[in-house]
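Colleague: sequence first, predicted model second:
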Amino acid sequence: MFARGTRARRIAAAVLPPVLFAIFVLGVWQLYTVVGDIKESTLPPPTDIAKSLWENRSMLIDNAWVTIKEILLGFAAAIVLGVGLAVLIRSSRKVERAIYPWLVVSQMVPIPAIAPLLVIWTGFDLRPKVIVIMLVSFFPIAVNTIDGLRAAEPELLNLLKTLKANSWQRFRKAQLPAALPFMFSGLKVAAALSVIGAVFAEWVGASEGLGYLVLVLNNQTATTEMFAVIFTLALIGILLFLFVSLLERVLLPWYYESRETEGEGLHLEVEENA
Amino acid sequence: MQAGSKLKIEGLSKTYRGAGGGENVTALKDVGIEIGAGEFVSIVGPSGCGKSTLFNIIAGLIRPSSGKVLLDGRQPDELLGSVGYMPQRDCLMPWRTVLDNTTLGLELNGVRKKEAHKKAKAEFERFGLAGFEKHWPAKLSGGMKQRAALLRTFLAGRDVMLLDEPFGALDALTRANMQQWLLDVWQEDRKTILFVTHDVEEAIYLSDRVYVMSGRPGRVSLDVKVSLERPRKPEVTMSPEFLVLKQKLLRPLEEAAAGGGVFIDDRPTLEEQI
């Protein structure tokens, strides 16, 4: 429906402003550190951070791989827990009443504070990290999926009943697909949280990974290198977020295409009355 | 109507228990309706006269407090799924293409996808949807959405179709076109249709017979035969017979409005429906 030029222009309109803004912020940063003669151990200029990223690339990649593995496993566990809880809670009014308040209360427990306990219980291997990441990031998935499972129109569910759909079919054909856009909103928030969870988990007990690296570098006051690690962590978060967004676009084409055409239906009315 | 009545309702009453010990609400009282095979019958009535309750009972979605619903002279074991039902809103699933929306009933009947598609496609021309098979419903105009919803009900293959104010949300011009179109389609298949509307003109123009319902408690106050010649053209709405009928139908409605009961929402709550 759109000409190609228009499409390219729309992409440019989406990408250009944030890139320009980033360049602006980095420029101000660079200027401030150079002109203000700031000590490198306090705030290194972006150019030094870039240099550090390049020089330490093999160390960063090795440790990033460890952290990425934790994040992916923890994120996957969060999806299973979040979606599972949501389906369980929506399965009956009684279960919802019994569990939902505790789901909210569970978020009042500071996860970093119980991370040491997890280490005591499960040891220093991958398990406590996966559990911490899962605990930090399952909540937005659960809450959004619960809302999503309520999103199917009651009239549609009634209609399905009159078409002799059983409760499983009503779930499969109406409630679940209606919940997916909500679920993906939760996944995007969870993607960001899972990176935070990984850093927490590594601070408590680890001998490798980017979070562990931050601690070590902090002890050496290697500020430039610390920034390089932070940038790497941010990059992982951004990539995970983009991956979830891409997955959403692929799995829910109707969601995007329907939104794109909103307010465009006018020309169809003409056809209607022809 | 003689022995050949397709749908017969006898002494139907429905009382909702007042919420939280409140007063009981009688939504329907001793309602009797009879529709012959291939007849087009409308029910008009003010808001809150129990039309929706009546519809939900016939569709099998809620149980009456007393009274019977007979199909072909017999009380079906299970009313749910015995009649075709089209709710007020189109309830098209945004995640399904128009074609996949229309085949919902066939799919739930266990018809193979290929066969269902073939069957549906054959009707797309007649329902004014040709060329929109692969579109998302969001891309359709209001009138097209209603026709797609109607095709879905139509393809489900029940002899009796309940249509709940299907054109209520359309603009006047589209609405007039849709009425004409519905008459043409009905003329070809002669399905038994029970049509709810609050538009007296629409009821007369479409129907063989019109029931007038009055509210609080909802009951049938008038049963009027419409002997205007078929096929009907829009000009018929200017004819003296039409105006006489209109006056006759409007009187009890105006009386009901003048009697001015408080409007009470008689739509069942979700919990009552389950």
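Modeller: Yes, it's here.
Colleague: any idea how far stretch A:218-227 is from the chain center?
Modeller: Relative to the chain's own centre, stretch A:218-227 is displaced by 27 Å; criterion: Cα atoms, centre = their mean, to the nearest Å.
Colleague: again but with stretch A:28-38, I slipped
Modeller: 33 Å.
Colleague: do the same with stretch A:79-93
Modeller: 19 Å.
Colleague: for residue 104, what are its contacts?
Modeller: Chain wasn't specified; assuming chain A. Contact criterion Cβ atoms under 8 Å, 6 or more residues apart in numbering or on different chains gives no residues in contact with A:Val104. No exception for glycine: its C-beta is placed from N, CA and C like everyone else's.
Colleague: my bad, chain B
Modeller: A:Leu160, A:Leu163, A:Lys173, B:Met93, B:Arg96, B:Arg152, B:Ala156.
Colleague: centre of the chain versus the longest helix along chain B, how much separation?
Modeller: If you go by DSSP state H, chain B has its longest helix at helix B:240-259. Its chain's C-alpha centre and that of helix B:240-259 lie 21 Å apart, by Cα atoms, centre = their mean.
Colleague: which residues are contacting it?
Modeller: B:44-46, B:49, B:200-201, B:203-205, B:210, B:212, B:214-215, B:221-222, B:224, B:226-228, B:236.
Colleague: about what we covered before: which one of the contacts of B:Leu104 sits closest to B:Tyr16?
Modeller: A:Leu160 (23.7 Å; Cβ to Cβ).
Colleague: for my notes, confirm that closest one occurs in a helix.
Modeller: Yes. Under DSSP: H, G, I helix; E, B strand; the rest coil, A:Leu160 sits within a helix.
Colleague: any idea how far it is from chain B?
Modeller: From A:Leu160 across to chain B, the span is 8 Å (Cβ to the nearest Cβ, to the nearest Å).
Colleague: swap in A:Val204?
Modeller: Distance from A:Val204 to chain B, by Cβ to the nearest Cβ: 42 Å.
Colleague: repeat for A:Ala179
Modeller: For A:Ala179, the distance to chain B - Cβ to the nearest Cβ - is 11 Å.
Colleague: ok, that residue touching A:Ile141?
Modeller: No. With contact defined as Cβ atoms under 8 Å, A:Ala179 does not reach A:Ile141; the gap is 11.2 Å.
Colleague: neighbour count: those two, which is higher?
Modeller: Applying other Cβ atoms under 10 Å in any protein chain shown to A:Ala179 and A:Ile141 shows that A:Ile141 carries more neighbours, namely 30 against 24.
Colleague: helix/strand/coil for the nearest residue to the more buried one once chain neighbours are set aside?
Modeller: Of all residues not flanking A:Ile141 in the chain, A:Gly82 sits nearest, at 2.9 Å (Cβ to Cβ, 6 or more residues apart in numbering or on different chains). Assigned by three-state DSSP, the conformation of A:Gly82 is helix.
Colleague: nearest to chain B: which residue in the stretch 1-150 of chain A?
Modeller: A:Arg93 (8.5 Å; Cβ to the nearest Cβ).
Colleague: neighbours around that residue, how many?
Modeller: Neighbours of A:Arg93 (other Cβ under 10 Å): 11.
Colleague: that one and A:Trp102, how far apart?
Modeller: 16 Å (Cβ to Cβ, to the nearest Å).
Colleague: give me the distance from stretch B:141-158 to the chain's centre.
Modeller: 13 Å.
Colleague: what about it, near chain A?
Modeller: Yes. Using Cβ under 8 Å from any Cβ of the partner chain, stretch B:141-158 comes into contact with chain A via B:Ser141, B:Gly142, B:Gly143, B:Met144, B:Ala156.
Colleague: now do the SS call for the third one.
Modeller: It refers to B:Gly143. Assignment for B:Gly143 (three-state DSSP): helix.
Colleague: can you pull the residues of chain B lying near chain A?
Modeller: Residues of chain B lying near chain A (Cβ under 8 Å from any Cβ): B:56, B:59-61, B:80-81, B:83-89, B:91, B:93-96, B:104-105, B:108-109, B:136-144, B:156, B:173-174, B:177, B:270, B:273.
Colleague: mind listing the helices for the chain?
Modeller: Since no chain was named, I'll use chain A. A:4-35, A:46-55, A:57-91, A:93-106, A:111-122, A:126-149, A:154-162, A:167-170, A:176-204, A:210-219, A:223-251, A:253-260, A:266-272.
Colleague: you looked at the wrong chain, it should be chain B
Modeller: B:51-59, B:98-102, B:104-108, B:113-124, B:142-155, B:172-189, B:200-206, B:240-259, B:270-273.
Colleague: quick one: average pLDDT of the first one?
Modeller: Confidence for helix B:51-59, expressed as mean pLDDT, is 90.
Colleague: elements contacting it?
Modeller: helix A:154-162, strand B:5-16, strand B:25-36, strand B:160-164, strand B:192-197 (3 or more Cβ pairs under 8 Å, 6 or more residues apart in numbering or on different chains; DSSP states H and E).
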